[in-house]
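Novice: task: produce atomic coordinates for the following.
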Amino acid sequence: MNAEPVLLSWLTSTFPDVRAVTILPADLADEIPLVRVSTTSNPVDRFRFETPSLDLDVYADTITGARDLAKRIGRAVLEQMPGASINDVSVLSTTVRDLGVTPYDNTNVSRRTLVIGMRLHDRSAA
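Specialist: Here you go, the predicted model:
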């Protein structure tokens, strides 16, 4: 199981006004607000439980905009995602760590990074 599609699907349904991607578009400044998801680690145990860690880069046109959207997403990940069933994957628990504003080359775009931890169970593999 790959955790990125699980988080992307959940983000798309929970935040329909925000585009969620795994690869940044070339015209990023024209696409914001935007969230990029990337897996940093994905340990799996013998019972088909996964505990992935994902970076969630939140892009907006201002530092305040990026902060506010990151707060909304972080709160929703903690409060709404546990217990969800997404594509035959059960989300058992979540954690969020806010790394704050992270530098970005394009001065017209602000970025804030969240680290999302999840405990997942793939029910289709049982």
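
Novice: any idea which element the closest residue to Ala60 other than its chain neighbours lies in?
Specialist: Leaving aside its sequence neighbours, Ala60 sits nearest to Ala66 (C-beta to C-beta, 6 or more residues apart in numbering; 4.1 Å). Bear in mind the C-beta positions are built from the backbone N, C-alpha and C, glycine included. In this assignment (DSSP states H and E), Ala66 forms part of helix 63-79.

Novice: who are the packing partners of that helix?
Specialist: On a contact count with 3 or more C-beta pairs under 8 Å, 6 or more residues apart in numbering; DSSP states H and E, helix 63-79 meets strand 53-60, strand 89-101, strand 110-122.

Novice: same list (these) but as a markdown table, adding mean pLDDT, distance to Thr22 and mean neighbour count.
Specialist: Converted to a markdown table, the helices and strands packed on helix 63-79 look like this (pLDDT from 0 to 100; distance: least, C-beta to C-beta, whole Å; neighbours: other C-beta atoms under 10 Å):
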| stretch | mean pLDDT | distance to Thr22 | mean neighbour count |
| --- | --- | --- | --- |
| strand 53-60 | 95 | 10 | 21 |
| strand 89-101 | 93 | 17 | 16 |
| strand 110-122 | 93 | 14 | 19 |
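
Novice: any chance of JSON lines for the ones you listed, columns distance to Gly83?
Specialist: Converted to JSON lines, the helices and strands packed on helix 63-79 look like this (distance: least, C-beta to C-beta, whole Å):
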{"stretch": "strand 53-60", "distance to Gly83": "19"}
{"stretch": "strand 89-101", "distance to Gly83": "7"}
{"stretch": "strand 110-122", "distance to Gly83": "12"}
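
Novice: Val35 is nearest to which of these?
Specialist: strand 53-60 (5.4 Å; C-beta to C-beta).
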